[in-house]
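Student: can you look at this prediction? I've put the sequence above it.
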Amino acid sequence: MPAKPATRTRRRESITIRAWQDDPMGLPAIARPVPDISKPPLKFKIKGASPAAASYDTGTAGFRYWAAAEALRRGADFWAPILGLKRWQPGVTLAVGLDEGDDLNAYYDRHELAFFHHVVKGQRVFSGESPDVVCHEMGHACLDAHQPALWDAPFVEAGAFHEAFGDISALLSALQLSSVRTVALPALRADQASVLSRLAEQLGWGVRQLDPRAVDRDCLRNAWNAFRYADPETLPDTAPATRLAAEVHSFSRVFTGAFHELLSGMLAIRSKTPRPADLLAVAVDAARLLADATADAPVQPDYFAQVATHMIDADTTRFGGRYRAALTRTFVKREIVPAEVVRPLVRHRGRIGRDAFGIAVVPKTRAAPPRRHTVTLRAREFGLVAGTLLVEAPLEGKTFLMASASLMHRHSDRVARVERATHRFVRMLFAQRRVDPGAAGKRAARRLALHERRRQTHAIVRAGRDFRLVRRKFDCGGL
């Protein structure tokens, strides 16, 4: 007699659920296999009762549950082998709250993924219903498990890269569906905007009704953009979505745009007449380069350039320089990497030998634990009560290959750079009202609405006679 578990498995496989492919305002819902969110290595536990697996109508609680579960499983199954993840930063299982109250946002806080609902012009928007939003927040959790040093790095570029990785996670998770690849392929071949590049259309629509200048005209953030790197010191704390600001979600678009452009460039290198299978392969290769780079790049104020140059290094070691032309062209065009840093590489083909360009290729070694530097700031500068605000910043130095060598040698006084970048980051946080001042705040400054308090990604905590800045969470950039 056949075993009962096998029978249950066959019955489960015969059932399908319905889920969005990318967003409620994007591609239509399709049938998908029933996801097992308790499957290792990256397990999830959605709060509350689990509805029976079935093909629910859109707009129902059952549909929202299984749409979120499918997106979580799809994204985690993609990232786990590429990042080599065995568990989440909080533990073996990551909690998920699909409706944590009234808000137009979502966040990851090292305890859970939290999603919300909000009524906009009579339409109830659930942030956890969108695979784009779900896979963005899950991307934060994946990167945190992979590179935890980024969690509290007090640099605009470190925080912005975390946001870019979330948006990249949404892009790459969507491309795991053959239906999305078919639709996205023509636009990527032509390096144009598409349903793939338009991230979180419904949440963006909701935000736009309340603040038309806060987001793109057709989504929350469009990965197809023309933004180029600028030193965060030269940028305003806030700006309309049409311009770049030092705020981390705004600034993240520089790297996200470069990555989307890279997909097009890598696709052209892989095949002159690419098919959807080529797009899938390129998505995996790009993710591997990103995984290698984030494992090796030191967490420094110029983190975008560090990751970019280490992606070029990773292409050299992993693919023999196959994608070098696309990588160097894109990162130089976006002004993330200076042209002189990669100029010796542009005409070189294949692997790079020792002393190929007069700079030794340094073999990888086990990196020493990062040093920490305490940056001391005046609390009054940020509207706090008298005292000293302490901010812990990394002083990292790791081994590197050819492409990143000259970039890392451009800066001599690392401590001074770290202190300037930390000061800029803290000023941006307070200008954006992203800090919960706690006992350090003046009474009038503590009176914020609930949704404003939820936007506070950092908090001030007591540290003896002084105060210390700590990160609480990453959100998706809603209102």
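Tutor: It's in. Numbers count the residues shown, from 1 in each chain.

Student: neighbours of the closest residue in space to Ala31 that isn't next to it in sequence, how many?
Tutor: In this structure, Ala31 finds its nearest non-sequential neighbour in Thr16, 4.3 Å apart by C-beta to C-beta, 6 or more residues apart in numbering. (Glycine included, C-beta is placed from N, CA and C.) Look at Thr16: counted by other C-beta atoms under 10 Å, it has 15 neighbours.

Student: which ones are touching Thr16?
Tutor: Taking C-beta atoms under 8 Å, 6 or more residues apart in numbering, we find Thr16 in contact with Ala31, Arg32, Pro33, Val34, Ser55.

Student: could you dump those into a markdown table with secondary structure and distance to Val183 added?
Tutor: As requested, these are exported to a markdown table (DSSP: H, G, I helix; E, B strand; the rest coil; distance: C-beta to C-beta, whole Å):
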| residue | secondary structure | distance to Val183 |
| --- | --- | --- |
| Ala31 | strand | 17 |
| Arg32 | strand | 16 |
| Pro33 | strand | 20 |
| Val34 | coil | 24 |
| Ser55 | coil | 22 |
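
Student: ranking these by neighbours, who comes first?
Tutor: With neighbours taken as other C-beta under 10 Å, the top of those is Arg32, carrying 21 neighbours.

Student: thought that residue was touching Glu70?
Tutor: Yes - here Arg32 reaches Glu70: they are 5.1 Å apart, a contact under C-beta atoms under 8 Å.

Student: okay, and the common contacts of those two?
Tutor: The contact sets of Arg32 and Glu70 overlap at Ile17, Ala19 (C-beta under 8 Å, 6+ apart).

Student: please enumerate the helices of this protein.
Tutor: For the chain, the helices defined by DSSP state H cover 4-14, 61-83, 131-146, 156-174, 178-189, 201-210, 248-270, 276-296, 303-319, 324-333, 339-346, 402-408, 414-431, 450-454.

Student: among those, which is nearest Val92?
Tutor: helix 131-146 (11.1 Å; C-beta to C-beta).

Student: that closest one relative to helix 201-210, how many degrees between them?
Tutor: Per axes from the mean of the first three to the mean of the last three C-alpha atoms, to 10 degrees, the angle that helix 131-146 makes with helix 201-210 is 110 degrees.

Student: since we're on the closest residue to His310 other than its chain neighbours, how many residues are nearby?
Tutor: Closest residue in space to His310, ignoring its immediate chain neighbours: Ala293 at 3.8 Å, by C-beta to C-beta, 6+ apart. With neighbours defined by other C-beta under 10 Å, the count for Ala293 comes to 21.

Student: pLDDT score assigned to Ala293?
Tutor: On pLDDT, Ala293 comes in at 96.

Student: thinking again about what came up before, now the residue nearest to Ala31: how far from Ala67?
Tutor: Relative to Ala67, Thr16 is positioned 13 Å away (C-beta to C-beta, to the nearest Å).

Student: coming back round to it: residues in contact with the residue nearest to His310?
Tutor: Contacts of Ala293 by C-beta under 8 Å, 6+ apart are Val307, Ala308, His310, Met311, Asp313, Ala314.

Student: what is the neighbour count of the third one?
Tutor: I take that to be His310. 25.

Student: so which of the contacts of Ala293 sits lowest on pLDDT?
Tutor: pLDDT across those is lowest for Asp313, at 90.

Student: that one and Asp292, how far apart?
Tutor: For Asp313, the distance to Asp292 equals 8 Å [C-beta to C-beta].

Student: out of these two, which sits in the more crowded spot?
Tutor: Counted by other C-beta under 10 Å, Asp313 and Asp292 do not tie: Asp313 has more neighbours, with 27 against 18.

Student: thought the more buried one was touching Ala297?
Tutor: No - the pair Asp313 and Ala297 does not pass the contact test of C-beta under 8 Å, sitting 9.2 Å apart.

Student: quick one: Ile336 and Phe304 touch, right?
Tutor: Yes - taking C-beta under 8 Å as the contact criterion, Ile336 and Phe304 are neighbours in contact, 5.0 Å apart.

Student: since that was my last question, I'll sign off now.
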